[in-house]
Every structure is written in structure tokens, then in C-alpha cells.
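Asks: Based on what follows, work out the 3D shape:
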Amino acid sequence: MAEFADRGVIVTGGGRGLGRGIAEAFADAGAKVMIGARTMSYAEEAREAIRKRGGRVELCQIDVKKRADCERLVGATVAAFNRVDVVIHCAADIPHGGVGHVTDAALEDGIASTAKAAWWLLEAARPHLSGAPGGGRFIAIGSINGTTTVVPNMTAYGMAKAALDAFVRGAALDVVAENITVNAILPGLVASDRAKAVLGEEGLKTYGATVPVGRAGTPEDIAFGCFFLASPRAGYITGTSIRMDGGSSLAPGSRGRGDILQERLKSQMTQ
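Replies: Got it, this is the predicted structure:
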């Protein structure tokens, strides 16, 4: 992975879960990683783990729901590394729930932390990405929910992720003349901290067994997808969303997968 040596990579939501896995993978590949995170205790743990393996990483405490924080994250990255080559927007603050079960404030948080934050991050990083050797890369972490599938009682989540997917397609044309590509990865079930909180360890294992490939995805799986989109080999790809779901969207109702998730979501909403 020498092609990522010394490249400046921003990862929002990099303190834990999927974002941390992506941050660790790019640091292991030689990139200089800036983790943007709201909860510093998690981010500091991630930084320590990366540094123990010899990686270079810095932290910036932000709330991606605020434009000023997104701009500050880009500024901190330029100050630390003197470059921004790749932005990976993984952070999201999206509630679970369908119509009638999500407050206006929570609904706004979902849109702001996904689509609005992507807008603000790209806008702030644009001058730096346009000058990146080999081309700048903006990668959004979306979801198959709201884009290729629909999950009952997760309407707010799906709506926010669908807005992010629409941003990717439109923004790709906005910046294509500046040597910047904009793409998304749409994960299905990934064994992240949030998935474990919703499903529990046993539920995650049971749900994973229903995925056509026979398991849940891992943060490393998604990081490998980011590697491809961030590489020079993906220079002809922009405005595209790549599904990484183990085949789940090809057989969305198979083998009781929906029943497992619905049972867990309903139990959480009644607690």
C-alpha cells in the first residue's frame, strides 16, 4: 500500500466502530490520518492503538452537524500535514424510528450529520483536494438502507442516507473538472459498535448468518473498499455508490433477516 504513504487522510467518526477501522487501515498503509470525532475518549483510544503500530495520526474534536467544525477539521489537517488528499465521511448521528417516532430535532441531526456535513466537508477541502497528486478523493459512507432497500422502523435513518447518496451524485459533477472524485460505499450489516448495541452479540451472529455470503461485514472490509476508491486505479470512477453488503440487497427478505432486526428495534423503542 505504498501508494498511500504520506497522503493526508481525514476520517470523520474515526474514534470507534467503522470509522476507527478505516482510520487504522489507512494509517497502517502509510497515510497521515486526521480523526475527526465528537467523543475524545474513544478517539484517544484509537490514536493510541494507531501510534503503537507506528502510524501517524492526529485528532480534532468536532461535531459534524456544525459547518464551522467541519471547516476547522480541514484547517487542522492542513496545519498538521500540509495537505488533504482524501476525505472519508463516516460520522453520522441518525435516530432509529419511523414516522411518528422521531423528534424534529433528531430528524435534523440525521440530515445534518450526513448530507449537510458532506457538503461542508467537501466545500472546505475542495481547494486542497484539487491540488492533490493523483487527484483528490471524497468518499462518503452511506448505507443500503434508504438507497437500495427499505427497513421498517428505520425511516429516518434511510432518509438521511438517501440524501447523502444524492449529494454524492450531484457533487461529483460539481467538482469533476478539478481532478476530484466523489463516491460512496453503501455497507449492509457490519459488525460495528452500533450494530452490536442494536442487535447484541448473539443477535449479530444470528443476523450475520442470514447474509448470503454467510457473515456480517467487518470494518476492514469497508476499509478495503475505501482503499480502492482512494487509489489512482479509481480515477475513472465518480458519482458512484458501491454496495458492500454480502449480497443482502439481492435477497432482502431471505431467511428471516428482517424479522431479527425488527424484533430488536421494536424492543428498543418500548424500553
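Asks: Now for this structure: which strand has the highest residue count?
Replies: Assignment by DSSP state E gives strand 180-187 as the longest strand of the chain.
Asks: need the next SSE after it, C-terminal direction.
Replies: Counting by DSSP states H and E, the element after strand 180-187 in chain order, helix or strand, is helix 193-210.
Asks: Can I get that following helix as CSV, trimmed to CA atoms?
Replies: Extracted in CSV, the C-alpha atoms of helix 193-210 (Å, rounded to 0.1, in the frame of the first residue of the first chain):
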residue,chain,number,x,y,z
ASP,A,193,-20.2,-0.9,17.8
ARG,A,194,-23.6,0.4,16.9
ALA,A,195,-24.7,-2.9,15.3
LYS,A,196,-23.7,-4.7,18.5
ALA,A,197,-25.6,-2.2,20.6
VAL,A,198,-28.8,-2.7,18.5
LEU,A,199,-28.6,-6.5,17.9
GLY,A,200,-26.4,-7.7,20.8
GLU,A,201,-23.6,-10.2,20.2
GLU,A,202,-25.9,-13.2,19.7
GLY,A,203,-28.3,-11.2,17.5
LEU,A,204,-25.4,-10.0,15.4
LYS,A,205,-24.2,-13.6,14.9
THR,A,206,-27.7,-14.8,14.0
TYR,A,207,-28.3,-11.9,11.6
GLY,A,208,-24.9,-12.4,10.0
ALA,A,209,-25.7,-16.0,9.3
THR,A,210,-28.7,-14.8,7.1
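Asks: same for the helix or strand that that helix is followed by, what does it pack against?
Replies: The helix or strand immediately downstream of helix 193-210 is helix 219-230, counting by DSSP H and E. If contacts are counted by 3 or more C-beta pairs under 8 Å, 6 or more residues apart in numbering; DSSP states H and E, helix 219-230 sits against helix 17-28, strand 86-89, strand 136-141, strand 180-187, strand 241-244. (C-beta placed from N, C-alpha, C; glycine too.)
Asks: most tightly surrounded among those?
Replies: The highest mean neighbour count among these, using mean count of other C-beta atoms under 10 Å, belongs to strand 86-89: a mean of 29.
Asks: Name the residues that touch that strand?
Replies: Contact with strand 86-89 is made by 7-13, 19, 22, 26, 31, 64, 74, 114, 117-118, 121-122, 125, 129, 132, 136-141, 226, 230, as judged by C-beta atoms under 8 Å, 6 or more residues apart in numbering.
Asks: what pLDDT, on average, does it get?
Replies: Mean pLDDT, strand 86-89: 98.
Asks: Equivalent analysis for stretch 165-180, please.
Replies: pLDDT averaged over stretch 165-180 gives 98.
Asks: Same check on stretch 93-113?
Replies: 93.
Asks: Likewise for stretch 121-141?
Replies: According to the model, stretch 121-141 has a mean pLDDT of 97.
Asks: Okay, buried residues for that stretch please.
Replies: 121-126, 128-129, 132, 135-141 (16 or more other C-beta atoms under 10 Å).
Asks: circling back: can you list the helices and strands packed on helix 219-230 in JSON lines and add distance to Val57?
Replies: Converted to JSON lines, the helices and strands packed on helix 219-230 look like this (distance: least, C-beta to C-beta, whole Å):
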{"stretch": "helix 17-28", "distance to Val57": "6"}
{"stretch": "strand 86-89", "distance to Val57": "14"}
{"stretch": "strand 136-141", "distance to Val57": "18"}
{"stretch": "strand 180-187", "distance to Val57": "21"}
{"stretch": "strand 241-244", "distance to Val57": "24"}
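Asks: Please consider this matter closed, and thank you.
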